[in-house]
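Trainee: mind looking at a prediction? Sequence and model below.
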Amino acid sequence: MPIYEYECESCDARFELMQKFSDKPVKKCPKCGGAVHKVLSAPALLFKGSGWYVTDYASPERKKAQKADGDSKANSTKTSETSSAASGTTSKAAAKSDA
């Protein structure tokens, strides 16, 4: 059941009530009997189950996998840069011999 927060318009008192969705809203302040209105506030959220950062991505196994994946990507980038630089040098040498 949701918890609703009310505020009195005459005495500014705030109070909370646990009510069903089907219950009628409160109209009178329990302290002074004045008119009340619902106060909107941010709900409290709690994520449970797998698939959230705390359970999946923070695990030591996941960090090792990410590091290994990052290392292999870095090595493949270095290899492709080296091979493209070498082919550029070969192309320049071939161009000089043609001239």
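Mentor: Nice, thanks for sending it over.
Trainee: quick one: the helices in this protein?
Mentor: Along the chain, counting by DSSP state H, helices occupy 60-98.
Trainee: by mean pLDDT, which helix or strand of it comes out lowest?
Mentor: Least confident element among the helices and strands of the chain, by mean pLDDT, DSSP states H and E: helix 60-98 (a mean of 61).
Trainee: wait, isn't residue 8 in contact with residue 38?
Mentor: No: at 11.8 Å, residue 8 does not count as touching residue 38 under the criterion of C-beta atoms under 8 Å. (Glycine included, C-beta is placed from N, CA and C.)
Trainee: of these two, which one has the most company?
Mentor: residue 8 (19 against 12; other C-beta atoms under 10 Å).
Trainee: quick one: terminal-to-terminal distance for stretch 27-46?
Mentor: 31 Å (C-alpha to C-alpha, to the nearest Å).
Trainee: wait, I meant stretch 2-14
Mentor: First-to-last residue span, stretch 2-14, C-alpha to C-alpha: 16 Å.
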